[in-house]
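Peer 1: this one's sequence-less:
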């Protein structure tokens, strides 16, 4: 592979302006992540009460379990942002991937300082998404349980449907049956449906004095039976470890519980992160020729101005080496092979609108990666597929459908990063959330919607005016319509709106993209080769 020769002038005013805007975006991201992690939004008293009970904060709990000086890839840190009156930072639950004795695990940990650990609709969505990631990447799950159960005022959005709370139990049972260990440490309340999280686990540790499991808590028992009973007598650690057998181990402190948990993790017979399988082509990694920090100056400050996909690739891949596929054809799509932290990948990156040639080129390249069993990385920055008479006559719908079908049917691991705009069906063809990539991350400059706010103003206002059938409409009224539509689309395409609703697995600083993708690829490398699908027939 040949190195990409960068054409960026890092001393230019444009680069400096881009850099200033991107650095500001990254600073805003860090501030909002700190809001979710820290004690803002009136959580100080909840944190004080939590610590006053001798408990440990949720991320400190995870730190006490994972191997020293190893990364923890937290997912969807800003879920719930801007929702529920901003009273649910992180949706009251922390999920992510950490190493225990060199083996990667998915962690699902309740944050009892947020609504007592009660589960909101977005909390359930985050919990279920973590289980999906565990299944796709062959990860056992560690549950650090400290929850008041379902948030009952929103029970109709939590309880009955397929992807509601019951779906998490279904997935937990299925994961265990797949041989993916399910381990629980009970650090607080597990009430009603929440009791099934430890009950469905393969092994359970309860911490004396703070851990409790009951299908019906003391208030329900009193209401149903007239029986008055203390929480520990009803469902404490001693009862469930010595009498009921619901718990397998009892610990006197959290620290003791995490020591026992690490001992259990030594016995699960799962592959370490460095145990790569032969199906993945691997070579010793080398750093890019260009500093990742330069990504700040590559990305355009004005989202209407495109930026070169190869310049992004040059700052992500090993040695900045990239083997272009069909570089002279379908130029608005960049396709080719590279390595990220030693792992061979096929990269598909937008360099503008997707024309028929670009769609067919991408489809052909996906076919090659599927045939050669090479994981795919999508770098998404597009306004979508080309429209207009010439495009329609040229078969853009058919050619776009081939690309969409190829993406949907590819069986190799797929990863997506939103580096800019993610509009319309282009989002689908570039393996958006609806196409189930193993991981999807977004940069803080990204935008996702059916169309841009500027386009929506014209399209939707024209539709409204046509519906009025010639009625007198003043320029002021038209301007008000345009402003209303623009505000809606600006709000709903904002990356924080998207990440709050788990349309991605987290907003990330662009400079961390290479390392995050490297960890995700390492997870796939330790798995058996995924079974190939039927032969692809999209090149036609």
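Peer 2: Okay, I see it. If you're wondering where the values come from, they're calculated on a predicted model, not measured in any experiment. Residues are numbered from 1 along each chain as shown.
Peer 1: for the stretch 51-200 of the chain, what spans make up the helices?
Peer 2: Under the criterion DSSP state H, counting those that start in this stretch, helices of the stretch 51-200 of the chain are mapped to 58-65, 121-136, 165-177, 196-199.
Peer 1: of all those, which lies closest to residue 494?
Peer 2: Closest approach to residue 494 among the helices of the stretch 51-200 of the chain is made by helix 121-136 (16.4 Å; CB to CB). To be clear about C-beta, it is placed using only N, CA and C from the backbone, and glycine gets the same treatment.
Peer 1: which residues touch the helix or strand hosting residue 337?
Peer 2: Using DSSP states H and E, residue 337 falls within strand 333-340. Contact with strand 333-340 is made by 1, 283, 285, 309-310, 313, 316-319, 321-327, 344-351, 354, 358-359, 361-362, 365, 374, 377, 514, 517-518, 521, as judged by CB atoms under 8 Å, 6 or more residues apart in numbering.
Peer 1: Now, of those, which are buried?
Peer 2: 1, 309-310, 313, 316-319, 321-322, 324-326, 344-351, 354, 358-359, 361-362, 365, 374, 377, 514, 517-518, 521 (16 or more other CB atoms under 10 Å).
Peer 1: Return the subset of the residues you listed lying in strands.
Peer 2: Assigned to strands by DSSP state E, the following of these qualify: 324, 344, 345, 346, 347, 348, 349, 350, 377.
Peer 1: Now render those residues as JSON lines, adding pLDDT.
Peer 2: JSON lines is the format used below for those (pLDDT from 0 to 100):
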{"residue": "324", "pLDDT": "97"}
{"residue": "344", "pLDDT": "98"}
{"residue": "345", "pLDDT": "98"}
{"residue": "346", "pLDDT": "98"}
{"residue": "347", "pLDDT": "98"}
{"residue": "348", "pLDDT": "98"}
{"residue": "349", "pLDDT": "98"}
{"residue": "350", "pLDDT": "97"}
{"residue": "377", "pLDDT": "98"}
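Peer 1: Am I right that residue 296 falls within a strand?
Peer 2: No. Counting by DSSP: H, G, I helix; E, B strand; the rest coil, residue 296 falls outside a strand, being helix.
Peer 1: Nearest spatial neighbour of residue 111, chain-adjacent residues omitted?
Peer 2: residue 58 (4.4 Å; CB to CB, 6 or more residues apart in numbering).
Peer 1: got a list of what the one you found touches?
Peer 2: Contacts of residue 58 by CB under 8 Å, 6+ apart are 94, 109, 110, 111, 112, 113, 144, 146.
Peer 1: Could you check which helix or strand contains residue 276?
Peer 2: Per DSSP H and E: residue 276 is located in neither a helix nor a strand.
Peer 1: Near the closest residue to it other than its chain neighbours, how many other residues are there?
Peer 2: Distances taken as CB to CB, 6+ apart place residue 525 nearest to residue 276, at 4.4 Å, with adjacent residues excluded. Neighbours of residue 525 under the rule other CB atoms under 10 Å: 23.
Peer 1: Residue 31 too?
Peer 2: So residue 31, with other CB under 10 Å, has 10 neighbours.
Peer 1: now it: how far from residue 497?
Peer 2: Note on residue 31: its distance to residue 497, by CB to CB, to the nearest Å, is 17 Å.
Peer 1: How about residue 321?
Peer 2: The gap separating residue 321 from residue 497 is 37 Å, by CB to CB.
Peer 1: so for the helix or strand where residue 48 lies, what's the average pLDDT?
Peer 2: Using DSSP H and E, residue 48 falls within helix 44-52. The average of the pLDDT scores along helix 44-52 is 90.
Peer 1: So residue 402, which state does it fall into?
Peer 2: Under three-state DSSP, residue 402 comes out as helix.
Peer 1: typo on my end, residue 5
Peer 2: Classification of residue 5 by three-state DSSP places it in coil.
Peer 1: Find me the pLDDT at it, would you?
Peer 2: So, for residue 5, pLDDT stands at 97.
Peer 1: Could you report the distance from it to residue 346?
Peer 2: Residue 5 is 21 Å from residue 346, by CB to CB.
Peer 1: Tell me which stretches of the stretch 51-200 of the chain form strands.
Peer 2: Assigned by DSSP state E, counting those that start in this stretch, the strands in the stretch 51-200 of the chain fall at 73-75, 93-100, 103-110, 140-145, 182-186, 189-191.
Peer 1: what's the closest of those to residue 506?
Peer 2: Nearest to residue 506, of these and by CB to CB, is strand 73-75 at 5.4 Å.
Peer 1: Please enumerate residues in contact with the helix or strand bottoming out on mean pLDDT in the chain?
Peer 2: Within the chain, no helix or strand scores below helix 453-467, which has a mean of 81 by mean pLDDT, DSSP states H and E. The contact list for helix 453-467, computed with CB under 8 Å, 6+ apart, reads 304, 449-451, 473, 478, 481-482, 485-486, 488-490, 493.
Peer 1: In ChimeraX, how would I select the buried members of those residues?
Peer 2: Buried subset of those, written as a ChimeraX selection, criterion 16+ other CB under 10 Å:
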select :449,451,481,482,485,486,489,490,493
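Peer 1: Which ones among the contacts of helix 453-467 map onto strands?
Peer 2: Judged by DSSP E, strands contain the following of the contacts of helix 453-467: residue 449.
Peer 1: Tabulate the contacts of helix 453-467 in CSV, adding columns for pLDDT and distance to residue 203.
Peer 2: Output for the contacts of helix 453-467, formatted as CSV (pLDDT from 0 to 100; distance: CB to CB, whole Å):
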residue, pLDDT, distance to residue 203
304, 87, 55
449, 91, 45
450, 87, 47
451, 84, 50
473, 81, 68
478, 84, 65
481, 86, 60
482, 87, 60
485, 87, 54
486, 85, 54
488, 90, 49
489, 87, 49
490, 89, 49
493, 91, 45
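Peer 1: Many thanks, we can stop here.
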